[in-house]
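Q: this is a predicted model, with the sequence first.
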Amino acid sequence: MEANYSRVLISGALLTSENLNELEQLAFTEFNCEGVEESNLIESEVDEILGERAFCGGELPEDVILDLDREAQGNNQKKIFYFNSTIDGDLFKKFVSENFSLTVESSEESNQDWNIEWKKHFKPIEVSEDLRVMPSFYPHHEKSDIIINPGMGFGTGSHETTYLCLKIFDQLLKAGQINSYDKVLDFGCGSGILGIAAKKLSANVTVEFMDIDRDALRNCTENIMLNFPNEDLGNLKIVARDRFVSQKYNFIFANILLNVLKLEKDSILSCCAANTYVLFSGILSSQLEELKDHYLKVVDYAIIKEEIKGDWAALLIQVK
Ligand SMILES: C[S@@+](CC[C@H](N)C(=O)[O-])C[C@H]1O[C@@H](n2cnc3c(N)ncnc32)[C@H](O)[C@@H]1O
């Protein structure tokens, strides 16, 4: 049987850092509290403040953290306490309402519901008749499916930009523009979905996965093992951004934000030789011209494809 857990939310104008400290101590020492949610902003509020920047991944720049802090201070304080036992949660709630002038709400959550809710967000995604992304918990997988265990790495295939990158790569391969022994770089690999797709679709390509975020690299490694069990992985390499040494590649995926694509311009271009394809995404369609201009200043290239899905865009260029 699935266990339930208890979530107790405390809020109110009288919630100060002093009584919060006292409450936290008591929750852990007297009521077997399992954890406290640190931020007093809820996830949707954080996403709203970050806007497009929420998409970036990796370390948040200092100015973004300051924005969040400012917003958090303006908000009414709230704190969420988690208890493995609903009895402990109820006792804590009773204690707070009897001893503090604060608002206390509690809810009983089922681990099973949480799992079901979570899984609802990750459905199979069909990119083309040969390319399907399947969450790892689905019972049936074809050998050609990209299996993704949704973890800390961005890239389940559901985001427009990932989808566009998969679609364009698939089309290019079908048009015979990718050679079987090509070298592919997945710059900002996240879950590894794009590099894994390249290897699934064209078994002999060499793929290098690179990301700035260690959690993403762990998730990427896990996904590679899921997709290529018992296979020789000699032509796959995973590397952290700070250890990355550029070489020349035939194809580069770069699904990151506009500001990162601009900041990393020299690095991306140092990986290009004549005829290298670079597939940019992570940009809004309104940012396409800015990206094109930024690269055109320093490199001559042909635009091979431009695709839009929702507000997002992908741009495939070929360096001359
Ligand atoms: C939008 S996600 C893309 C993930 C995956 N490639 C996809 O298409 O779904 C962008 C990724 O770039 C990584 N990233 C951000 N800045 C980076 C940088 N300067 N160098 C390398 N990776 C970076 C983030 O950690 C994140 O995993």
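A: Yep, that arrived.
Q: could you list the low-confidence segments of this structure?
A: Scanning the chain for pLDDT under 70 picks out 1-3, 37-76, 111-121.
Q: list, one by one, the residues from it near the ligand.
A: 55-58, 153-155, 162, 165, 188-190, 193-194, 210-213, 216, 241, 255-256, 260, 264, 282 (C-beta under 6 Å from any ligand atom). Yep, even glycine has a C-beta here, placed from its N, CA and C like the rest.
Q: residue ranges for the helices of the stretch 101-250 of the chain, please.
A: Along the stretch 101-250 of the chain, the segments classed as helices by DSSP state H, counting those that start in this stretch run 111-120, 160-174, 193-201, 214-227.
Q: show me what the second one is packed against.
A: Okay, so that is helix 160-174. Packing partners of helix 160-174 (3 or more C-beta pairs under 8 Å, 6 or more residues apart in numbering; DSSP states H and E): strand 125-128, strand 131-135, helix 193-201, strand 249-255, strand 272-284, strand 301-309, strand 312-319.
Q: which residue comes closest to Leu284 once chain neighbours are left out?
A: Once flanking residues are discounted, Leu284 sits nearest to Asp311: 5.3 Å by C-beta to C-beta, 6 or more residues apart in numbering.
Q: the spatially closest residue to Leu131 that is not a sequence neighbour: what's it in contact with?
A: Ranked by C-beta to C-beta, 6+ apart and with sequence neighbours excluded, the top spatial neighbour of Leu131 is Asp170, at 5.1 Å. Counting by C-beta atoms under 8 Å, 6 or more residues apart in numbering, Asp170 makes contact with 127-128, 130-131, 197, 201.
Q: do the same with Val207
A: Applying C-beta under 8 Å, 6+ apart, we find Val207 in contact with 184-186, 195-196, 198-199, 235-237.
Q: can I get the helices of the stretch 101-250 of the chain in CSV including distance to Ser144?
A: Formatted as CSV, the helices of the stretch 101-250 of the chain follow (distance: least, C-beta to C-beta, whole Å):
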stretch, distance to Ser144
helix 111-120, 22
helix 160-174, 11
helix 193-201, 6
helix 214-227, 10
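Q: cool, thanks, talk later.
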